[in-house]
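Q: The following block contains a protein sequence and its predicted model.
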Amino acid sequence: MAARTPKKRRSSKKSPSLPFGRKCKLAGVSAAAVFAVVGFVLNPNLRELSKVERAVAELIQSIQNPGSELLAPTGKYVQTQFQSCPHFFPQQQPPIVPSQNRLREMCFDSFAILHNGQTKTPVFVAQRLNKRMLEQAKEVPRSNRFYEEARLPSADRATLADYRNSGYSRGHMAPAGDMDTPEAMAQSFSLSNMVPQNQTHNAGAWSKVEGDTRQYVRRAKGDVYVVTGPVYGQRTSYIGENRVAVPEYIYKLVYDPSDHRAWVYWHKNDPKTVVGNPISYEEFVKRTGLQILPTVH
């Protein structure tokens, strides 16, 4: 009997990353267009990008952070995967969520998003925070450069025009104030990380929730997991030509694995909302069907 030819083992060594300029050249991006975009990034006082330059900026974003994973609906609930960034979830176990069409998973440097192409907003945005990260975040200047998420199909994403003159602010789910590197800061201004939020609520009660959460993380023994997202009512309103859904409520779940405690801030997206007491994780699951922390009972 002939001996089997041994299979050639794959090298575990990663392929060397192409220089950024080379990536742009392969993608067909002209030097002049790249120069215009880079100039805008380095000097925010310059004019706004033209349509062509904005398209280049989106292409650059897609080169740096390739792909979004479409989650196939299976039964009543679906197990999310987040294979490229499971570290944003306790014990690297991503959530179980009610099954829907057009759900996409996206990984960023400092957060992960499950995005809903029907509402054009996140289902949730997950972060893993600790004291060191928040101390570093103090040194990172805010960018304030919102952009459309090129990794999402055009039919599934919000645009800058949708929010313009809508009467709603572009409300961060993963706050810019949590971002510990310039790259993470820039990524936090993706519209995939936003919901239409009442401006008074955003700057008032919700800002207090974000500040209180950071204060807790700074006192915690280690990593703290924070998950934020919108909840929609039966009569949903929309903004913009692409019909970006306006949430009725916004939640922020905080989980400290050192003592297995979890609580959820539950806010009506309304100017009269006050901070109030958080609800329990069990009550949150009843209201939303989202099993964000499958290991917590």
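A: Received it, and whenever you're ready, just let me know what you need. Numbers count the residues shown, from 1 in each chain.

Q: Please save the CA atoms from stretch 200-211 in PDB.
A: What follows is stretch 200-211, C-alpha atoms only, in PDB (Å, rounded to 0.1, in the frame of the first residue of the first chain):
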ATOM      1  CA  THR A 200     -31.600  67.700  25.500                       C
ATOM      2  CA  HIS A 201     -31.600  64.100  26.700                       C
ATOM      3  CA  ASN A 202     -28.200  63.500  25.000                       C
ATOM      4  CA  ALA A 203     -26.500  66.500  26.700                       C
ATOM      5  CA  GLY A 204     -28.300  66.100  30.000                       C
ATOM      6  CA  ALA A 205     -29.500  62.800  31.700                       C
ATOM      7  CA  TRP A 206     -27.700  60.600  29.200                       C
ATOM      8  CA  SER A 207     -24.400  62.400  29.600                       C
ATOM      9  CA  LYS A 208     -24.700  61.900  33.300                       C
ATOM     10  CA  VAL A 209     -25.200  58.100  32.800                       C
ATOM     11  CA  GLU A 210     -22.100  58.000  30.700                       C
ATOM     12  CA  GLY A 211     -20.100  59.900  33.300                       C
END
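
Q: and that stretch, how far out from the chain's middle?
A: Mean C-alpha position of stretch 200-211 versus that of the full chain (C-alpha atoms, centre = their mean, to the nearest Å) differs by 18 Å.

Q: Tell me the buried residues in it?
A: 201-202, 204-206, 209-210 (16 or more other C-beta atoms under 10 Å). (Each C-beta comes from the backbone N, C-alpha and C, glycine too.)

Q: what does stretch 85-97 give?
A: Applying 16+ other C-beta under 10 Å to stretch 85-97 flags 85, 88-90, 94-97 as buried.

Q: mind saving the C-alpha coords of it as PDB?
A: Output in PDB follows, covering the C-alpha atoms of stretch 85-97 (Å, rounded to 0.1, in the frame of the first residue of the first chain):
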ATOM      1  CA  CYS A  85     -13.600  40.400  18.300                       C
ATOM      2  CA  PRO A  86     -15.100  38.100  21.000                       C
ATOM      3  CA  HIS A  87     -13.000  39.900  23.600                       C
ATOM      4  CA  PHE A  88     -15.700  42.600  23.900                       C
ATOM      5  CA  PHE A  89     -18.000  40.100  25.600                       C
ATOM      6  CA  PRO A  90     -17.700  38.300  29.000                       C
ATOM      7  CA  GLN A  91     -15.900  35.000  28.800                       C
ATOM      8  CA  GLN A  92     -15.800  35.700  25.000                       C
ATOM      9  CA  GLN A  93     -19.500  34.600  24.700                       C
ATOM     10  CA  PRO A  94     -21.400  37.000  22.400                       C
ATOM     11  CA  PRO A  95     -25.100  37.700  23.000                       C
ATOM     12  CA  ILE A  96     -28.200  35.800  21.900                       C
ATOM     13  CA  VAL A  97     -30.700  38.100  20.200                       C
END
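
Q: Who does residue 225 form a beta bridge with?
A: When assigned by DSSP bridges, residue 225 has beta-bridge partners residue 128, residue 255.

Q: re the thing from before, nearest to residue 158, of the buried residues of stretch 85-97?
A: residue 97 (20.2 Å; C-beta to C-beta).

Q: Help me confirm that the closest one is found in a strand?
A: Yes. Counting by DSSP: H, G, I helix; E, B strand; the rest coil, residue 97 is located in a strand.

Q: Isn't it up against residue 116?
A: No. Applying C-beta atoms under 8 Å as the test, residue 97 and residue 116 come out as separate, 9.8 Å apart.
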